[in-house]
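After the sequence you'll find the predicted model.
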Amino acid sequence: MSSDRFLDARVVVDRGSFRLDAELRIAAGEVVALLGPNGAGKTTALRALAGLTSLTDGHIAVDGGDLDRPSRRVWVAPEKRPIGVVFQEYLLFPHLSALDNVAFGPRRHGRDRRTARAEATAWLERVGLADFAKRRPRQLSGGQAQRVALARALAVQPMLLLLDEPLAALDAGTRADTRAELQRHLADHPGATLLVTHDPLDALVLADRLVILEGGAVVQDGDAAEITARPRTEYVARLVGLNLYRGRACGYSVDVGGMVLTAADALDGDAFVAFAPSAVALHATRPDGSPRNTWPATIAGLQRHGDNLRIQLAGVLPAAADVTPAAAAHLELTPGREVWAAVKAAETRAYPA
Ligand SMILES: Nc1ncnc2c1ncn2[C@@H]1O[C@H](COP(=O)(O)OP(=O)(O)OP(=O)(O)O)[C@@H](O)[C@H]1O
C-alpha cells in the first residue's frame with residue numbers, strides 16, 4: 001500500500017435512479033474537502049465510508065485493511081471501523097454529559113471507565129472545554145457542541161475522520177473561531193480526513209485538496225490553486241467565482257457557441273475560457289476601440305456582492321459582471337435593460353477541455 005492511499009476507496013452505491021461511483025484516495029495526515037451541488041452524492045459517500053450504507057460495488061480500505069468489499073463479501077460494521085464521525089444529524093447523545101459523550105468512544109474501544117474518562121477529560125481540555133465537562137448537550141452553545149463532537153470523534157484516534165458540514169450550524173462569528181480551531185486539530189490529526197462542505201471558504205482554509213462531486217461522479221480533483229485556475233464545470237466555476245465557457249479553440253479565437261471570444265492564450269481543439277466577473281465592463285452603448293470581446297446583453301438580475309453589485313447578464317453570452325453601485329446607478333442598471341458588455345482578451349484564460 002502506498003502512503004498516499006491511506007484511504008483507498010471506490011465507493012459505488014446504487015439508489016434507484018441515482019448511482020454514486022467515486023474513487024477517493026487520501027494520504028495519512030491529508031485533509032480532503034468533498035464539495036458538490038445538492039444531490040451530488042456527498043452524504044451518500046460519507047455514509048458508505050462510515051458503514052451506514054453498504055456498497056453495491058467497489059471497495060473501502062483503510063491502511064491496507066478492507067472495511068467493505070462486496071466482491072469478497074467483506075463488510076465491517078460501523079462500530080468496528082477505525083473511523084471517527086461528526087455528522088449533523090446525531091452530533092451528541094442528549095442524555096449524556098459532555099464528558100460521557102467523549103468517553104463513549106474510548107469505552108466502546110474497550111477502555112475501562114476510569115481510563116476512558118481520563119482520556120475524555122484530556123480531549124475536552126484540548127478543545128478548550130474542560131469547564132463544560134458536566135454539561136448536557138442542550139446546555140452548550142452550537143459551537144461548544146460542535147467542539148465536543150469533534151473531541152468525541154478524535155478520542156478514538158480514528159484512522160479516518162469524517163466531517164459532515166462541521167460548521168454549517170454556526171453563526172458567522174462562532175464559525176470563524178471554530179474554523180480556526182478545527183484547522184489546528186486537523187493539522188495534528190495523523191489519520192486521513194474527509195470533510196463535506198458547501199462553503200468554499202471552509203474548503204480553502206481546512207483542506208489540502210478538493211474533490212468535486214457532481215451527479216455521483218468525481219468531476220475535478222486537485223488543490224485549491226489548480227481548481228481555481230482551471231475550473232472544469234459550471235458548478236466549480238461558480239464556486240470559485242468565475243465565468244466559464246466551453247468551446248472550440250483555433251489560435252487565440254474560441255468559438256463558445258453564441259460568439260467567438262478572443263483569449264489571452266493560444267490553443268487548438270476543445271477548450272475552456274474563463275474570466276472573472278470583475279473583468280467585465282458594462283457600457284450603455286457599443287464601446288469602440290480596444291476591447292476585443294464585446295457583446296450585447298440584457299440585465300437579468302442584480303444582487304449585492306461585497307461592496308459591489310453582481311449583475312447577471314442574459315443573451316448571447318450569459319455572464320456575471322461586478323460593478324460598483326455608482327456605475328450601476330450611472331448606467332441605470334435595472335432588470336430588462338439592454339447594455340453592452342466587454343472583456344479584454346488579456347483578462348481571459350483559455351485551457352484545454
Ligand atoms: N435513502 C435514499 N433512498 C433513495 N435515494 C436516496 C436516499 N438518500 C439519498 N438519495 C438520493 O441520492 C442522491 C444523492 O444524495 P446525497 O444526500 O448523497 O447528496 P448530497 O451531495 O449529500 O446532497 P446535499 O448537498 O443536498 O446534502 C440524491 O439524488 C438523493 O435523492
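Good, I have the coordinates.

Return the set of buried residues in the top helix by length along the chain.
Assignment by DSSP state H gives helix 172-188 as the longest helix of the chain. Neighbour counts over helix 172-188 (16 or more other CB atoms under 10 Å) mark 174, 175, 178, 179, 181, 182, 185, 186 as buried. (Each C-beta comes from the backbone N, C-alpha and C, glycine too.)

who does whichever strand or helix holds residue 44 touch, helix- and strand-wise?
Taking DSSP states H and E as the criterion, residue 44 maps to helix 42-50. Counting contacts by 3 or more CB pairs under 8 Å, 6 or more residues apart in numbering; DSSP states H and E, helix 42-50 is packed against strand 7-15, strand 18-26, strand 31-35, strand 83-86, strand 160-164, strand 192-196.

Now the first one: buried residues?
Of all the residues in strand 7-15, those buried under the rule 16+ other CB under 10 Å are 7, 8, 9, 10, 11, 12, 13.

for this protein, what spans make up the helices?
Counting by DSSP H, the helices of the chain are 42-50, 98-108, 113-126, 142-154, 172-188, 200-206, 224-229, 234-239, 325-330.

Run through the protein and note the low-pLDDT ranges.
1-3, 89-90, 290-291 (pLDDT under 70).

Alongside the ligand, which residues does it contribute?
Residues of the chain lying close to the ligand by CB under 6 Å from any ligand atom are 15, 16, 18, 36, 38, 39, 40, 41, 42, 43, 44.

Look up how far residue 216 lies from the last one.
Yep, that's residue 44 we're talking about. When distance is defined by CB to CB, to the nearest Å, residue 44 is 8 Å away from residue 216.

Identify the contacts common to the two.
18, 20 (CB atoms under 8 Å, 6 or more residues apart in numbering).

which helices and strands does the longest strand seen in the chain pack with?
Across the chain, the longest stretch assigned as strand under DSSP state E is strand 260-275. Applying 3+ CB pairs under 8 Å, 6+ apart, one finds that strand 260-275 contacts strand 243-255, strand 349-352.

Just the buried residues of the shortest one, please?
Neighbour-count burial for strand 349-352 flags 349, 350, 351 (criterion: 16+ other CB under 10 Å).

Ok, stretch 280-294 next?
Applying 16+ other CB under 10 Å to stretch 280-294 flags 280, 281, 282, 291, 292, 293, 294 as buried.

right, and the pair among those with maximum separation?
Comparing every pair within the buried residues of stretch 280-294 by CB to CB identifies 282 and 292 as the most remote, at 16.4 Å.

first vs last residue of stretch 313-331, how far apart are they?
Length of stretch 313-331, first residue to last, CA to CA, to the nearest Å: 14 Å.

now what about that stretch, what contacts it?
With CB under 8 Å, 6+ apart, stretch 313-331 has contacts from 243, 245, 256, 258-259, 261, 276-278, 280-284, 295-300, 302, 305, 307-312, 333, 337, 339, 341.

The same query, at a cut-off of 6 Å, please.
243, 258-259, 277-278, 280, 282, 284, 295, 297-298, 300, 308-312, 341 (CB atoms under 6 Å, 6 or more residues apart in numbering).

And stretch 273-282, by the same measure?
242-245, 254, 261, 263, 320-323, 331, 339, 341-343, 347-350.

Return the members of the residues you listed classed as buried.
Listed as buried from the contacts of stretch 273-282 are 242-245, 254, 261, 263, 320-323, 331, 339, 341-343, 347-350; burial here means 16+ other CB under 10 Å.

Can you report how many residues lie near the residue in the stretch 251-353 of the chain positioned nearest to the ligand?
The ligand sits closest to residue 303 of the stretch 251-353 of the chain, with a gap of 21.8 Å, by CB to the nearest ligand atom. Neighbours of residue 303 under the rule other CB atoms under 10 Å: 9.

for it, what are its contacts?
Counting by CB under 6 Å, 6+ apart, residue 303 has contacts residue 310.

Which strand residues bridge it?
residue 310 (DSSP bridges).

Check the gap between it and residue 309 for me.
From residue 303 to residue 309 the distance is 7 Å (CB to CB).

Excluding chain neighbours, give the residue nearest to residue 52 in space.
Counting by CB to CB, 6 or more residues apart in numbering, residue 52 lies nearest to residue 78, which is 5.9 Å off, once chain neighbours are set aside.

Identify the residues contacting the closest residue to residue 199 other than its chain neighbours.
Of all residues not flanking residue 199 in the chain, residue 167 sits nearest, at 7.2 Å (CB to CB, 6+ apart). Contacts for residue 167 were tallied using CB under 6 Å, 6+ apart; they are 175, 178, 179, 202.

surely the second one meets residue 143?
Yes: applying CB atoms under 6 Å, one finds residue 178 in contact with residue 143, separated by 5.0 Å.
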